[in-house]
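have a look at this prediction, sequence included:
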Amino acid sequence: MPTTKISDNSDDDKNDVDVELMLRVKQGGTQAHDAFQSLIELHQNAVIGTVAKMLGNASEAEDIAQQVFIRLWKSAPRYEVRAKFTTFLYTITRNLVFNETKRKQRKKEHSLEEQEENSYVQIEDKLAVCPDQEILQAELKHEVDKAIQTLPEKQRLAVILRQYESMPYEQIADVLELSVSAVKSQLFRARTTLREALRQYLDSN
């Protein structure tokens, strides 16, 4: 099967590739599995990263990401080209992550204190072998991740999609099912909260 190449020209080119692959999956037949595998290879790292930042638990991210792609496969027969493929993908991701968050809140399986303790252990292990500059960067990244975890889930996802996935406001609005002005309001409140939480680090740099 010929390999589909992604152009470096624009997001539109990448979206065209995604849509073409998803339509092959929808059509079924011999090419469906190869096309779906290509979609996984293109997007799994971003999905895993988004899930990990949303849940604050990297060890669970791959399992949730796998569920995202299983749901994507099952939804293929109903797929319609109404928006960017990544809007469709991250809407599935949003639903699964929000459901997981609610499940954890109900069962209280992992307290915030336990998550922070695990994070500190990971950071301390890294600090033992890092030069000074890397130590500072690791500490700041840890504090940013902690601060993001304190945000309400819609604010948290808006920040992650904007800052880490460079997603435009209009697309974030589609994923979150909000207006563009509401997304900007969510981001403004989130950034205000993050600046306050990280003031000690921002003032010292």
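That came through fine.

could you give the backbone dihedrals for the most centrally placed residue in the chain?
Geometric centre of the chain, nearest residue: residue 50, 1.8 Å, by C-alpha atoms, centre = their mean. According to degrees, to the nearest 10, the main-chain angles of residue 50 amount to phi -60, psi -50.

nearest spatial neighbour of it, skipping sequence neighbours?
Among residues not flanking residue 50 along the chain, residue 160 sits closest, at 5.6 Å (C-beta to C-beta, 6 or more residues apart in numbering). Every C-beta, even on glycine, is put in place using the N, C-alpha and C of the backbone.

next: residue 61.
residue 52 (3.8 Å).

same thing with residue 149?
Closest to residue 149 by C-beta to C-beta, 6+ apart is residue 56, at 4.5 Å.

and residue 21, what helix or strand is that in?
Element membership for residue 21 (DSSP states H and E) is helix 11-27.

CA atoms only for that helix, dumped as PDB, please.
Output in PDB follows, covering the C-alpha atoms of helix 11-27 (Å, rounded to 0.1, in the frame of the first residue of the first chain):
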ATOM      1  CA  ASP A  11      -2.600  22.500   9.000                       C
ATOM      2  CA  ASP A  12      -5.100  22.300   6.100                       C
ATOM      3  CA  ASP A  13      -2.800  19.900   4.300                       C
ATOM      4  CA  LYS A  14      -2.500  17.700   7.500                       C
ATOM      5  CA  ASN A  15      -6.300  17.800   7.900                       C
ATOM      6  CA  ASP A  16      -6.800  16.700   4.300                       C
ATOM      7  CA  VAL A  17      -4.600  13.700   5.000                       C
ATOM      8  CA  ASP A  18      -6.500  12.900   8.300                       C
ATOM      9  CA  VAL A  19      -9.800  13.100   6.500                       C
ATOM     10  CA  GLU A  20      -8.700  11.000   3.600                       C
ATOM     11  CA  LEU A  21      -7.500   8.300   6.100                       C
ATOM     12  CA  MET A  22     -10.700   8.400   8.100                       C
ATOM     13  CA  LEU A  23     -12.800   8.100   5.000                       C
ATOM     14  CA  ARG A  24     -10.900   5.000   4.100                       C
ATOM     15  CA  VAL A  25     -11.600   3.600   7.500                       C
ATOM     16  CA  LYS A  26     -15.300   4.400   7.100                       C
ATOM     17  CA  GLN A  27     -15.400   2.600   3.700                       C
END
